[in-house]
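S.K.: Sequence plus the predicted model coming up.
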Amino acid sequence: MSSIQFTLDGQPCEARAGETIFKAAERAGVAIPHLCYSDGLRADGNCRACVVEVQGERTLAASCCRVAQPGMVVETRSERATRSQKMVVEMLLADLPQAGYQWLDGDAQRPHGELSAWADALGVRPRAELVTLRREQPAADLSHPAMAVNLDACIQCTRCVRACREIQVNDVIGMRGRGAGTQVVFDLGDPMGQSTCVACGECVQACPTGALSAKSLIGDQRVEREVASVCPYCGVGCLLTYQVRGNRIVAVQGRDGPANHGRLCVKGRFGFDYVNHPQRLLKPLVRRPGVPKDAAAQNHPGQPPRDWREVFREANWDEALDAAAGGLKRLLDGHGPAALAGFGSAKGSNEEAYLFQKLVRTGFGSNNVDHCTRLCHASSVAALLEGVGSGAVSNPVSDVQHASLVLIIGANPAQNHPVAATWMKNAAERGTKIVLADPRRTDLERHAWRTLQFRPDTDVALLNAMLHTIIEEGLTDPAFIAERVNRFDELRAQVQGFSPEAMAPVCGIPAETIREVARAYATSPASMILWGMGISQHVHGTDNARCLIALAAVTGQVGKPGSGLHPLRGQNNVQGASDAGLIPMMFPNYQRVNDTEAHKWFERFWQTTLDARPGLTVVEILHAALAADDDPKRIRGMYVMGENPAMSDPDLSHARAGLANLEHLVVQDLFLTETAWLADVVLPASAWPEKTGTVTNTDRMVQMGRRALDLPGEAKPDLWIIQQIARRMGLPWRYEGPDDGVAAVYEEMRQAMHGVIAGVSWERLERAHSVTYPCLTDDDPGQPIVFHDGFATDDGRIHLVPAALLPADEKPDADYPFVLITGRQLEHWHTGSMTRRSQVLDALEPAPTASLHGQDLARLGLEPGGWLRVSSRRGTVRLQARRDDGTPPGGVFIPFAFAEAAANLLTNPALDPFGKIPEFKFCAVRVEPVDGPATGSNSTKG
């Protein structure tokens with residue numbers, strides 16, 4: 001990059017081409033006062049605190065906007081510039097509240113944030129003659145659960161406006177009025193708590209004075225420690241900083257990480273107080289003798305807690321660990337390896353996932369180990385491994401900035417991956433065509449070029465019609481196909497019968513629209529596909545993903561910037577847990593357990609005999625837990641770490657019955673979850689801010705999380721607990737070092753992953769915080785984009801697999817005429833065990849709802865907020881109605897994070913034959929109005 005030379009405060013200074021005076025000065029270590037400017041925001045130049053004197057110019061220049069020029073002579077500390085800077089700060093300070101602020105040098109109170117800091121730095125103090133003339137102060141707005149609005153501290157720098165409208169693209173905050181009447185407003189002057197604000201907190205992070213602030217930092221804003229870590233929620237993997245006071249997180253700030261560049265969402269910014277919830281497990285618990293396992297009696301955050309003392313007694317750690325491991329060992333000795341299984345966690349670290357699967361394989365003696373990937377992207381991974389040889393993404397989410405067209409299908413990023421959605425909205429504003437394909441119309445629709453609201457269960461019909469158009473109209477990339485694609489002729493033959501005209505009545509999208517989108521995708525310089533569980537959670541989920549792979553393959557839209565295939569990961573470490581081998585048919589790095597060479601290698605590496613048969617998956621394990629007593633394949637004992645299958649599995653009555661039927665269940669978690677209530681031993685574990693370890697996000701970035709808090713009570717680190725169980729089962733594990741040998745475990749995992757993260761040492765992660773794999777050497781920067789020259793298949797080519805129409809396992813009929821779709825909400829995540837125990841998140845979305853189209857509500861005689869009963873052939877729930885005209889007529893959307901109306905009581909356990917994933921996204925239900933809530937109204941039969 002070319003550079004220019006200029007003079008700054010009498011010293012030579014170098015600026016990059018197009019760089020402002022402010023940024024060049026900042027790199028040179030020269031601090032210029034500033035208030036309206038903030039890294040990441042467009043420079044506005046309205047506060048004038050950053051003015052500098054440029055030799056030969058009549059007026060002072062705003063350094064945040066003024067581009068440095070060759071030979072320019074700039075003074076940041078001249079008498080004229082300093083006098084102006086002080087005057088700006090003095091005048092702004094005069095308008096702000098002064099009560100309770102003692103003006104002492106280095107005063108740490110600084111009630112007005114950056115303005116106070118610059119006042120101290122410049123030696124400015126309030127002048128009485130100015131203070132007496134200050135404006136009439138507006139009243140505080142405390143209507144929002146998370147944030148306080150005190151516009152008496154507002155200096156109208158517009159940082160909040162730019163953060164809301166240009167960074168997050170939520171368009172909630174604006175300015176109204178003129179002159180002295182100018183004021184920041186939310187929507188049309190609504191209270192913040194009643195506006196369309198999604199509580200991302202970007203405005204709070206941007207505000208320089210505390211006019212917008214987190215309620216947890218009202219008053220004394222001092223913090224004792226700041227700890228760099230990574231968000232514990234969705235797969236985007238936002239880097240953040242915990243601000244800690246008194247062993248409590250009091251605020252969270254976004255860090256400039258490669259996935260988020262300072263951005264956060266409501267969960268990442270305000271969903272941290274679950275770690276201090278009064279229901280936190282503080283001591284090990286052992287089930288009292290003779291107390292039955294009542295699968296129907298479940299606690300949840302919205303109910304008065306059941307007295308756990310009726311079911312469990314407290315135990316010391318030695319007793320609890322002996323009971324936990326002893327029960328598993330007894331079943332192993334009496335019934336063999338097939339009698340045991342383990343569920344690991346995608347909410348924990350890579351190191352925990354690696355050790356957990358190693359424990360099951362080397363200690364239990366089987367491959368019966370799985371985690372939540374089975375319930376989210378198993379079919380996507382199956383198709384990607386088959387087609388391109390890798391289950392990971394080809395391009396990072398932020399690569400949408402280089403795309404000309406982005407197809408988002410079966411995903412709701414604004415709700416489920418909010419920071420990733422900001423990159424999509426930013427791209428749309430720059431001209432990228434967004435195509436939104438989903439049975440529901442969602443928040444991204446207003447940014448979309450085209451919206452394809454296809455009928456549920458018709459994904460393959462729509463995608464094959466697009467493939468038909470591309471092939472029929474000669475829009476393929478023949479050179480790419482010839483060099484890098486197999487089985488194209490089979491695909492061409494398969495899609496001949498899928499013309500848009502034939503498929504339009506099936507999927508509900510006009511033929512010409514299908515053709516228009518297909519042409520745009522194929523002819524775009526760079527087209528990218530992102531998908532979610534709306535693609536994967538079907539009996540034809542693998543076929544859905546195969547079609548997406550085919551779209552990218554036949555058009556050559558992979559292996560270059562702004563293109564490729566990206567299944568958006570749902571949990572913070574579902575990618576890393578899968579990489580680490582927490583799946584029943586794969587060792588670490590997706591090496592099949594029945595592959596002879598891989599099997600021999602791991603036997604040598606772990607120095608033990610291993611089972612060469614793929615293990616059972618999540619749903620299959622709970623089926624096997626209900627097998628006959630004389631069935632040699634019956635699962636009798638389980639170890640569950642950080643998962644909640646009593647809420648997350650389909651057909652919950654069946655899943656809970658399976659858990660209750662186990663002879664021995666060990667649960668390691670933060671709370672008495674619905675699963676923990678069925679346990680024989682409950683082990684109190686560590687929350688994410690209480691541990692050090694790595695996670696891998698949806699972009700293949702291995703990222704470091706650091707411990708910010710001490711563990712409460714007698715809770716222990718998960719890594720320690722796993723090792724204690726292993727030792728009691730006879731494994732000679734000794735991982736030495738801080739944090740229970742986490743670095744040693746990581747380095748062993750690095751070897752087991754056969755070079756993929758060879759260049760990502762523990763020491764490098766401690767320095768860099770985030771490194772993208774594949775990363776093969778110490779000086780390898782990592783490869784955000786893969787498949788430049790070939791694919792990870794045996795012959796380096798894409799293996800196409802044509803897909804036929806396969807209907808859902810269960811179709812609507814006269815008795816069950818609606819289609820149920822389940823999913824996440826913005827405020828809640830997974831089974832709600834964490835977010836339902838966050839005060840802010842639960843206040844924002846406190847109760848379960850069923851979303852229906854206005855036409856269906858009218859036909860049922862229901863008003864929004866009215867009570868209804870939703871029933872399937874497996875169960876019934878009662879909850880309140882929400883009008884959502886984005887939900888198609890005949891459809892019902894229910895989030896699955898609410899135990900009091902558990903959506904998975906209704907869902908169908910039918911499995912995709914390849915990914916073994918349940919059909920969460922489609923089952924037949926009946927909807928009926930009811931008078932109101934009823935105690936114990938949610939049942940297991942329709």
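M.R.: Everything's here; your move. Residues are numbered from 1 along each chain as shown.

S.K.: Identify the residues contacting residue 158.
M.R.: 36, 44, 46, 175 (Cβ atoms under 8 Å, 6 or more residues apart in numbering). Bear in mind the C-beta positions are built from the backbone N, C-alpha and C, glycine included.

S.K.: same check, this time on residue 22
M.R.: With Cβ under 8 Å, 6+ apart, residue 22 has these contacts: 32, 34, 37, 43, 50, 63, 64, 66.

S.K.: Equivalent analysis for residue 223, please.
M.R.: Counting by Cβ under 8 Å, 6+ apart, residue 223 has contacts 243, 244, 245, 250, 251.

S.K.: likewise residue 463?
M.R.: Residue 463 neighbours (Cβ under 8 Å, 6+ apart): 544, 547, 548, 550, 551, 803.

S.K.: isn't residue 264 right up against residue 236?
M.R.: No - judged on Cβ atoms under 8 Å, residue 264 makes no contact with residue 236 at a distance of 9.7 Å.

S.K.: So for these two, which residues contact both of them?
M.R.: When contacts are counted by Cβ under 8 Å, 6+ apart, residue 264 and residue 236 have residue 419 as shared neighbours.

S.K.: quick one: which of these two has more around it?
M.R.: residue 236 (32 against 28; other Cβ atoms under 10 Å).

S.K.: Could I get the pLDDT score of residue 936?
M.R.: Note on residue 936: pLDDT of 46.

S.K.: Residue 149 now?
M.R.: On the pLDDT scale, residue 149 gets 95.

S.K.: Neighbours of it, how many?
M.R.: Counted with other Cβ under 10 Å, the neighbours of residue 149 add up to 26.

S.K.: For it, give me its contacts.
M.R.: Per Cβ under 8 Å, 6+ apart, neighbours of residue 149: 140, 141, 142, 192, 211, 212.

S.K.: Tell me if residue 419 really is in a strand.
M.R.: No - using DSSP: H, G, I helix; E, B strand; the rest coil, the assignment for residue 419 is helix, not a strand.

S.K.: Could you report the neighbour count for it?
M.R.: Neighbour tally, residue 419, other Cβ under 10 Å: 27.

S.K.: now swap in the one 5 residues further on and tell me
M.R.: Under the neighbour criterion other Cβ under 10 Å, residue 424 is assigned a count of 28.

S.K.: show me what contacts it?
M.R.: Counting by Cβ under 8 Å, 6+ apart, residue 424 has contacts 400, 406, 408, 413, 434, 444, 447, 530.

S.K.: Show the contacting residues for the fourth one.
M.R.: Looking back up the chat, that one is residue 413. Shown in contact with residue 413 (Cβ under 8 Å, 6+ apart): 420, 421, 424, 444, 530, 532, 568.

S.K.: taking those one by one, which sit in helices?
M.R.: 420, 421, 424 (DSSP state H).

S.K.: Out of the residues you listed, which is nearest to residue 92?
M.R.: Nearest to residue 92 out of these is residue 421 (Cβ to Cβ; 34.4 Å).

S.K.: Not counting its neighbours along the chain, what's nearest that closest one?
M.R.: Computed as Cβ to Cβ, 6 or more residues apart in numbering, the closest residue to residue 421 that is not its neighbour in sequence is residue 413, at 3.9 Å.

S.K.: From residue 900, how far out is that neighbour?
M.R.: 27 Å (Cβ to Cβ, to the nearest Å).

S.K.: what's the burial count for the closest residue to residue 311 other than its chain neighbours?
M.R.: Nearest residue to residue 311 in three dimensions, chain neighbours excluded: residue 291, at 5.3 Å (Cβ to Cβ, 6+ apart). Number of residues near residue 291 (other Cβ under 10 Å) recorded here: 12.

S.K.: Just confirm residue 291 contacts residue 309, I think it does.
M.R.: No - counting by Cβ under 8 Å, residue 291 stays clear of residue 309, with 10.7 Å between them.

S.K.: coming back round to it: which one of the ones in helices among the contacts of residue 413 is nearest to residue 71?
M.R.: Among these, and counting by Cβ to Cβ, the member closest to residue 71 is residue 424, at 42.4 Å.

S.K.: Would you mind listing which of the contacts of residue 413 are buried?
M.R.: Buried subset of the contacts of residue 413 (neighbour count, 16 or more other Cβ atoms under 10 Å): 420, 421, 424, 444, 530, 532, 568.

S.K.: can you pull the contacts of the fourth one?
M.R.: Pointing back at residue 444 there. Counted by Cβ under 8 Å, 6+ apart, residue 444 has contacts 408, 412, 413, 414, 421, 424, 425, 434, 436.

S.K.: That's all I had, so thanks and see you.
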